[in-house]
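A.B. asks: Using only what follows, build the 3D model:
(one chain, ligands or ions: 1)
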Amino acid sequence: MLVFVGCASAYGSTRRIAERIARQLRSDGHDTVLRPLDRAAGLPGCDAAVLGSAVHGGRWLPDAVEFVRRNAGALAARPVGLFSVSLVGERSSAFPSPVARGLRRLKARSASELPADLLAAIAPVGRHDFAGAVAPEHWPATGRLVFRLMGGRYGEHTDWDEVDAWAAVIAARVSGRPPE
Ligand SMILES: Cc1cc2nc3c(=O)[nH]c(=O)nc-3n(C[C@H](O)[C@H](O)[C@H](O)COP(=O)(O)O)c2cc1C
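C.D. replies: Numbers count the residues shown, from 1 in each chain. Below is the predicted model of the structure:
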């Protein structure tokens, strides 16, 4: 299958995760088209899609939401995997474990990072939250203070084994195979 892998990234970590997912999809026998969502017009000729965005203020970046809205019909007609990149992934985080656990609980109770109508329309075959990278220059002074008070650590927090494992599951789901 030809799988469209689209990403919206402000500082590069979502882009790196998208590249890694595309690599895993290819090693599972798919062809891939990798595109930044601010420049992608659509999903030309693709049988499936994996879309990811950095999370700012609890939401996907506007370019990613806009892409999903414009292509909702095409996405609804294909198998789609969605991933979000923030400071708190499902397995790793920029914060110490107790803080990360609290943030995951909070996230489970809050609105999703994509508008609910779009999520319902797409009905993704899989969703995942990964931790990305963070640097002091990404934040204003108040953000740096809050981050420090929460025990946050700068650097890259992505668990690459987690990325590969999820990509393998998605590679199987988009082609209707049970995962190995
Ligand atoms: C302005 C701004 C707002 C952010 N808001 C959130 C947030 O609400 N929740 C969160 O967990 N991380 C938040 N982050 C952290 C980013 O999601 C994280 O650094 C991610 O790895 C960025 O991906 P990117 O490198 O592809 O831009 C924010 C970062 C910035 C710069």
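
A.B. asks: wait, Ser175 sits on Met1?
C.D. replies: Yes. With contact defined as Cβ atoms under 8 Å, Ser175 counts as touching Met1 (5.7 Å). For glycine as for every other residue, the C-beta is placed from the backbone atoms N, C-alpha and C.

A.B. asks: Mean confidence (pLDDT) on the strand ranked longest in the chain, please.
C.D. replies: In the chain, with assignment by DSSP state E, the single longest strand is strand 48-56. Averaging pLDDT along strand 48-56 yields 97.

A.B. asks: try stretch 5-12
C.D. replies: For stretch 5-12, the per-residue pLDDT averages 98.

A.B. asks: Next: stretch 129-144.
C.D. replies: pLDDT averaged over stretch 129-144 gives 96.

A.B. asks: And for the residue of the chain found nearest the ligand, nearest residue in space, chain neighbours not counted?
C.D. replies: Nearest to the ligand in the chain, going by Cβ to the nearest ligand atom, is Gly132, at a distance of 2.1 Å. Excluding the flanking residues, the one nearest Gly132 by Cβ to Cβ, 6 or more residues apart in numbering is Ser13, at 3.3 Å.

A.B. asks: The residue of the chain closest to the ligand against Thr158, yeah?
C.D. replies: Yes. At 6.1 Å, Gly132 and Thr158 qualify as touching, with contact defined as Cβ under 8 Å.

A.B. asks: Which parts of this protein are helices?
C.D. replies: Under the criterion DSSP state H, the chain contains helices at 13-27, 62-70, 72-76, 97-109, 116-122, 141-149, 160-174.

A.B. asks: Identify whichever of those helices lies nearest to Val85.
C.D. replies: helix 13-27 (4.3 Å; Cβ to Cβ).

A.B. asks: got the CA positions of that closest one in PDB?
C.D. replies: The C-alpha trace of helix 13-27 is given here as PDB (Å, rounded to 0.1, in the frame of the first residue of the first chain):
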ATOM      1  CA  SER A  13      10.800  16.300  17.000                       C
ATOM      2  CA  THR A  14       7.500  15.500  15.400                       C
ATOM      3  CA  ARG A  15       9.200  15.500  12.000                       C
ATOM      4  CA  ARG A  16      11.800  13.000  13.300                       C
ATOM      5  CA  ILE A  17       9.100  10.700  14.700                       C
ATOM      6  CA  ALA A  18       7.300  10.900  11.300                       C
ATOM      7  CA  GLU A  19      10.500   9.900   9.500                       C
ATOM      8  CA  ARG A  20      11.000   7.000  11.800                       C
ATOM      9  CA  ILE A  21       7.400   5.800  11.400                       C
ATOM     10  CA  ALA A  22       7.800   6.100   7.600                       C
ATOM     11  CA  ARG A  23      11.000   4.000   7.800                       C
ATOM     12  CA  GLN A  24       9.200   1.300   9.800                       C
ATOM     13  CA  LEU A  25       6.200   1.300   7.400                       C
ATOM     14  CA  ARG A  26       8.700   0.700   4.500                       C
ATOM     15  CA  SER A  27      10.400  -2.100   6.300                       C
END
